[in-house]
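1. Test case, fold it:
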Amino acid sequence: MLQSLSDSLNYYWTGLVFLPLVLLLTFYQLKNKKKWFLFWSSFVFMQALVWILKFAVASQRPLGVHMLKNPSFPSGVAADAGFFAMYLSFLYPKYWILWHSFGICVSLLRVYSGAHYVIDIVFGYLLGICLVLLAQRLFKFVS
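-> The predicted structure is shown next:
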């Protein structure tokens, strides 16, 4: 059961579950197109930074059991989860525990499935959070 959940979330969470939810919630909350653009520009910047770090560090995945062949560190899924959880915590502060609980669970499932080491997801998650905090300070896309 847990392995099935892990596999499903690993392969489909960003595109089919969490990303559309974040798109809808941010579009609803950010009526100002400039703020919406700044938020998504920050997300794209984070993705670029994750991939630069992946190939700069070039760490192998655990035991080579995962089907992905790209480097392990940092976890892009955990970075996405941290970024979205922190951002949604700004937009909907009443539910911050829900956003971070979901993000941390998804990230931990990456370790369970053999795709990452714990340090990969911790660094990725914190990177996502830090980039939202930095972007918020620079751009003030949430008032």
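
2. residue ranges of the helices in this structure, please?
-> In the chain, helices defined by DSSP state H lie at 2-12, 19-29, 33-57, 76-91, 96-112, 118-139, listed in chain order.

3. so which of those is the most packed in?
-> helix 76-91 (a mean of 24; mean count of other C-beta atoms under 10 Å). All C-beta spots, glycine's among them, are computed from the backbone N, C-alpha and C.

4. the inter-axis angle of it versus helix 118-139?
-> Put simply, helix 76-91 runs at 40 degrees to helix 118-139, going by axes from the mean of the first three to the mean of the last three C-alpha atoms, to 10 degrees.

5. same for helix 76-91, what does it pack against?
-> helix 19-29, helix 33-57, helix 96-112, helix 118-139 (3 or more C-beta pairs under 8 Å, 6 or more residues apart in numbering; DSSP states H and E).

6. nearest to residue 75, of these?
-> The closest of these to residue 75 is helix 118-139. By C-beta to C-beta, the value is 3.7 Å.

7. could you check the angle helix 33-57 makes with that closest one?
-> Going by the same axes, to 10 degrees, helix 118-139 makes 150 degrees with helix 33-57.

8. If anything else comes up later, I'll come back, but that's it for now.
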